[in-house]
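Student: Got a predicted model here, sequence first, then my questions.
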Amino acid sequence: MRDARAAIAAWAFWWALHHGESIYSEGSQRLSGLGRPGILPVVADCSASIEDIFNWSGAPNPNHFPYWLHQGYTGTLLSAGEHLTLWKKNGVRARVEEIKPADVLILGPGTGVHACLVVGLGNGDPVVFSMGHPGDPGIYRASQMAFLGEATYLRFDTMAKKVHWPPGHKRR
């Protein structure tokens, strides 16, 4: 087994570069990218894009369902992921454990209103991949999403039998 975190981040950057060939939808086609790595156009919403990227990289489904079921949404990510503890130091939100690429940021109360994928650490302001509206996906700072409400960071199993990389990616 190999850790697919780097491939997950690479797929997110690859997809953001191809944002013009992506369609934001919360409809029935939102998981049509599963099993079709690198095939454009891709139809997805925020949580479906995370599931697609994990699938493309070879990692297990973060929703804990078999991929072929085409199920999952922001709420199932919240219930399936390991919640990372946040605490405050001198009035500033800090991490008990370091956030890593391939962790997921859920924003908003209850079952959440938006899911983003962490792709970089960003000196205390994580860099995230977001498929939140038409024109996305894009790469943003987590602080740019703060208007959506409280933040919950999640960690998922990223161990893969075989790690898959995006087209043209050169591993170091």
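Tutor: That came in fine, so what should we check first? Everything quoted here is computed from the prediction, not taken from an experiment.
Student: what's the spacing between the residue nearest to K162 when sequence neighbours are not counted and A151?
Tutor: Nearest non-adjacent residue to K162, counting by Cβ to Cβ, 6 or more residues apart in numbering: G58, 5.3 Å away. (Glycine included, C-beta is placed from N, CA and C.) Shown here: G58 relative to A151, a distance of 28 Å by Cβ to Cβ, to the nearest Å.
Student: and if you look at N123?
Tutor: Distance of N123 to A151, given as Cβ to Cβ: 17 Å.
Student: So between those two, which is more surrounded?
Tutor: The neighbour comparison of N123 against A151 (other Cβ atoms under 10 Å) goes to A151, with 18 against 7.
Student: Which strand residues bridge the more buried one?
Tutor: For A151, the beta-bridge partners are L107 (DSSP bridges).
Student: so how far is stretch 156-165 from its chain's centroid?
Tutor: Computed by Cα atoms, centre = their mean, to the nearest Å, the chain-centroid distance of stretch 156-165 equals 14 Å.
Student: Now it: buried residues?
Tutor: Neighbour-count burial for stretch 156-165 flags F156, D157, T158, A160, V163, H164, W165 (criterion: 16 or more other Cβ atoms under 10 Å).
Student: With stretch 122-132 instead?
Tutor: In stretch 122-132, residues buried by neighbour count (16+ other Cβ under 10 Å) are P126, V127, V128, F129, S130, M131, G132.
Student: a strand runs through the third one, doesn't it?
Tutor: Yep, that's V128 we're talking about. Yes - V128: assigned to a strand according to DSSP: H, G, I helix; E, B strand; the rest coil.
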